[in-house]
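Visitor: Any chance you could fold what I've pasted below:
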Amino acid sequence: MKITKLIMIGALSVGFALSMQSCGGSADSKKEATQTEVKAASTNPYAAGEKIYMAKCIVCHQANGEGIAVAFPPLKNSDYLFADKVRAVAQALNGSNHEIVVNGLKYNAPMPQQVGTKEEAVAVINYVLNTWGNNGGTVTLEDVKDVVIDPRI
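Guide: Below is the predicted model of the structure:
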């Protein structure tokens, strides 16, 4: 019985050690992951915005950017979005409780704030401006320097 317990303890110890090593990974694997992220960012200038979109916006505006009819407006081919990029950044930062008209349809659902910094807001709006066939150009931090970030509650 004692030998069985010793074997089990030894096996668990080896398993634990191996799992801990694989969790942290080696310095080489971390370096490779960082290089992969840098390469992805260089081939996709909107990678940071895409990541934010997938985490924060996709539920309402959908993977195809077409929104949900009468509930959440489309971002694909959106006249409202293209009309004022700075407003779009402000809405990503501060949300909106105002009725809007997008491509002739009214939307009343409130949009909560989605991001906390101008850098994040610019990144996600630039992604949206240039995805799903949109050719909306870009917005810069300089363009949004006067946007005020509302106090967070």
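
Visitor: tell me the centre residue of the protein?
Guide: residue 52 (0.6 Å; Cα atoms, centre = their mean).

Visitor: which element is that one on?
Guide: Element membership for residue 52 (DSSP states H and E) is helix 47-52.

Visitor: which outside residues touch the next helix or strand after that helix?
Guide: Counting by DSSP H and E, the next helix or strand C-terminal to helix 47-52 is helix 58-61. The list of residues contacting helix 58-61 from outside it, by Cβ atoms under 8 Å, 6 or more residues apart in numbering, reads 53, 67, 68, 71, 72, 73, 74, 75, 109, 111. For the C-beta atoms, the positions are set from N, CA and C on the backbone; glycine is no exception.

Visitor: Name the nearest of those relative to residue 103.
Guide: residue 74 (6.8 Å; Cβ to Cβ).

Visitor: what number of residues lie near the closest residue in space to the closest one that isn't next to it in sequence?
Guide: In space, residue 74 comes closest to residue 67 once its chain neighbours are excluded; the distance is 4.2 Å by Cβ to Cβ, 6 or more residues apart in numbering. Counted with other Cβ atoms under 10 Å, residues neighbouring residue 67 total 21.

Visitor: repeat for residue 92
Guide: The burial count for residue 92: 25, using other Cβ under 10 Å.

Visitor: And the helix holding residue 52, what does it pack against?
Guide: helix 27-43, helix 118-129 (3 or more Cβ pairs under 8 Å, 6 or more residues apart in numbering; DSSP states H and E).

Visitor: worst average pLDDT in these?
Guide: The weakest mean pLDDT among the helices and strands packed on helix 47-52 belongs to helix 27-43, with a mean of 55.

Visitor: Confidence-wise, which helix or strand of the protein is lowest on average?
Guide: Least confident helix or strand of the chain, by mean pLDDT, DSSP states H and E, is helix 2-24 with a mean of 39.

Visitor: Show me this protein divided up by domain.
Guide: Domain ranges of the chain: 1-43, 45-153, per automatic domain parsing.

Visitor: Can you tell me which of the ones you listed is most buried?
Guide: domain 45-153 (a mean of 16; mean count of other Cβ atoms under 10 Å).

Visitor: And it, end to end?
Guide: Separation of the first and last residues of domain 45-153 by Cα to Cα, to the nearest Å is 32 Å.

Visitor: And for stretch 128-139?
Guide: Terminal-residue distance, stretch 128-139 (Cα to Cα): 11 Å.
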